[in-house]
Structures are given as C-alpha cells and as structure tokens.
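# return atomic coordinates for the entry below.
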Amino acid sequence: MSNAEAEAAPPGGATGTVQSVDRALHILGQLARSGEAGVTELAADLDVHKSTAFRLVATLEAHGLVEQTGDRGKYRLGVGLLRLAGATTARLDVVQEARPLARKLAADTGETVNITVLADRAALYLDQVAGSSALQSHNWVGQRIPLHATANGKVLLSGLEEHALDELLDQLEAYTDATITGQERLRRELAQVREQGYAVAADELEIGLTAVAAPIRNAHGDVIASMSVSGPTFRLAGDKLDAATDALVHVALEVSHRLGWGHR
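Numbering: from 1, shown residues only. The predicted model follows:
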C-alpha cells in the first residue's frame with residue numbers, strides 16, 4: 001500500500017474516509033466522553049505513535065477545537081466548537097422561524113420563496129418553498145449562488161462592513177448583460193438596498209429570472225439571512241413585483257421580530 005493509500009485508509013479498513021480526519025474526529029469524540037485527556041492517552045486510544053497524536057491535537061488546537069487545561073499536557077474541547085455549533089443553531093433557528101411564514105408568502109404570491117445565508121464568497125440556500133405558479137421542481141437547498149448578481153446576495157452584501165466588502169468585490173463575473181460588474185455601481189446599489197430595505201435583481205443571473213429579497217436580522221440587528229421571492233421576469237414585474245415586495249418585506253420583518261430584533 002502506498003503512503004497516500006495508507007493515509008486514506010481509516011482504522012479497521014473502512015473505505016471512503018481520510019484517516020487523519022477520521023482520527024481527529026475520534027479525538028474530539030474521546031474528549032467529549034472523558035472531559036480531558038493527555039496525548040499519551042489519546043495515542044493509546046487511537047493505537048498510533050505519540051508523535052502522530054500530538055500532530056493531530058496541535059492541528060485541532062490551532063483551529064480552537066481543543067485547548068490545553070491547567071494540567072500541563074491535558075486537553076479538552078475548545079471554544080471553537082461552540083462557535084461552529086452556534087452558527088449551526090442560528091441557521092436552524094432562521095429556518096424554523098421562517099418556514100411557516102415562507103409557506104404563506106409562497107401561497108400568497110404564487111412564486112418561489114428562498115432563504116439564504118452568507119457562506120464564504122457566495123449565498124447558500126437554506127430553504128425553499130415553491131408557489132403554485134412555479135414550474136420548476138429543482139431544489140436549490142444546499143447550493144450556492146453569486147452575491148453580486150442576485151437579490152439575495154445583494155441583501156447579504158448590504159449587511160457587511162466596508163473592509164469585508166473589499167474582500168468580496170474584487171472579482172465581479174458577468175452572467176448576463178444586466179449583471180453589475182463595476183464595484184462603484186454595485187456599492188451605490190448596496191447603499192440603496194440599505195436605505196429601502198430590499199434588493200431587486202432582474203435578468204442579472206439568468207435572462208428571464210427576477211427576484212426581490214429582504215433582510216432577516218438577529219436580535220442585534222445584524223443581517224444574518226435573506227429571504228426572496230423569485231419567478232419569471234414576464235410574470236414578476238410591474239404591480240405584481242410591487243405587491244410581492246411589500247409582502248416580502250413584511251414577512252422578513254416578522255421573522256426578524258421572532259428572532260428578537262426590534263420591538264413589537
């Protein structure tokens with residue numbers, strides 16, 4: 001077996017996993033059960049050399065997933081896990097609070113309602129509810145879309161500080177002739193999104209597709225997600241777009257209230 005093959009083979013001969021990742025997760029599980037453990041104990045539990053266990057623990061420590069206790073050489077779970085858990089909990093809270101309202105919004109507008117969050121350099125679909133007029137059955141949950149070319153993305157960008165925007169707006173790819181590719185123009189549009197409380201993208205990601213999105217805020221007023229109504233441009237225009245926008249802004253505000261933002 002080659003070194004690469006040995007690295008990919010987890011204990012017990014199972015396939016489809018990476019050994020170092022499998023071992024690191026095993027360490028986290030062991031610390032969760034025991035509360036704390038030393039490198040020697042972890043090495044014995046993994047049946048590996050002490051130096052191997054130390055490298056794994058050092059990597060986990062560098063990411064804040066484990067930390068040393070007052071007892072030298074002992075390790076316990078780190079606060080980095082709390083941050084990861086907190087992010088997951090926040091996303092679950094958004095979906096839980098928004099879904100019944102998203103269903104009603106989809107029923108009222110007849111169009112598709114989506115909920116997204118910022119994920120690296122993209123907007124990640126958390127949830128989707130199709131309206132009665134929606135023809136496509138494709139489920140976008142778990143997929144990512146560009147930030148600058150979508151209504152959801154513009155809303156998520158509008159909630160960022162300037163230094164964060166600088167990192168995300170370095171490359172603005174054109175998807176259609178309507179896509180905004182100039183940084184200054186996009187920044188002006190984001191300022192408008194903040195002022196009016198919603199964003200619109202017509203034919204910017206795909207010709208024939210229009211969406212309007214509004215922010216979902218947490219108890220501190222931070223934009224933590226975006227909710228949108230999307231449909232064919234020929235149908236989601238004029239008075240219908242105005243009506244969908246009004247309904248969407250109201251629903252997104254209600255979700256934000258349920259998450260603790262503002263006063264009822």
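
# where does the stretch 51-200 of the chain dip in pLDDT?
Residue ranges of the stretch 51-200 of the chain with pLDDT under 70: 70-72, 79, 81-92, 134-140.

# quick one, strands of it?
66-68, 74-77, 112-119, 122-129, 144-146, 199-202 (DSSP state E, counting those that start in this stretch).

# adding mean neighbour count and distance to Leu28, write those strands out as TSV.
To be clear about C-beta, it is placed using only N, CA and C from the backbone, and glycine gets the same treatment. Formatted as TSV, the strands of the stretch 51-200 of the chain follow (neighbours: other C-beta atoms under 10 Å; distance: least, C-beta to C-beta, whole Å):
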stretch	mean neighbour count	distance to Leu28
strand 66-68	18	7
strand 74-77	18	7
strand 112-119	24	23
strand 122-129	21	24
strand 144-146	17	27
strand 199-202	22	39
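
# just put those strands in TSV and tack on distance to Leu259.
Listed next are the strands of the stretch 51-200 of the chain as TSV, based on distance: least, C-beta to C-beta, whole Å:
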stretch	distance to Leu259
strand 66-68	30
strand 74-77	27
strand 112-119	12
strand 122-129	14
strand 144-146	23
strand 199-202	20
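
# of all those, which one is nearest Lys50?
Closest of the strands of the stretch 51-200 of the chain to Lys50 is strand 74-77, at 13.4 Å (criterion: C-beta to C-beta).

# direction included, what does that closest one pair up with?
strand 37-38 (antiparallel), strand 66-68 (antiparallel) (DSSP bridges).

# can you lay out the ones you listed as JSON lines showing distance to Leu118?
Below are the strands paired with strand 74-77 laid out as JSON lines (distance: least, C-beta to C-beta, whole Å):
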{"stretch": "strand 37-38", "distance to Leu118": "36"}
{"stretch": "strand 66-68", "distance to Leu118": "27"}
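
# among those strands, which is nearest Asp47?
Using C-beta to C-beta and comparing the strands paired with strand 74-77, the one that lies nearest Asp47 is strand 37-38, at 14.6 Å.

# if we look at that closest one, which residues are touching it?
For strand 37-38, contacts defined as C-beta atoms under 8 Å, 6 or more residues apart in numbering pick out 30-31, 45, 73-75.

# kindly recompute the last result at 7 Å.
30-31, 73-75 (C-beta atoms under 7 Å, 6 or more residues apart in numbering).

# just how off-centre is it within its chain?
Here the centre of strand 37-38 is set off from its chain's centre by 34 Å, with C-alpha atoms, centre = their mean, to the nearest Å.
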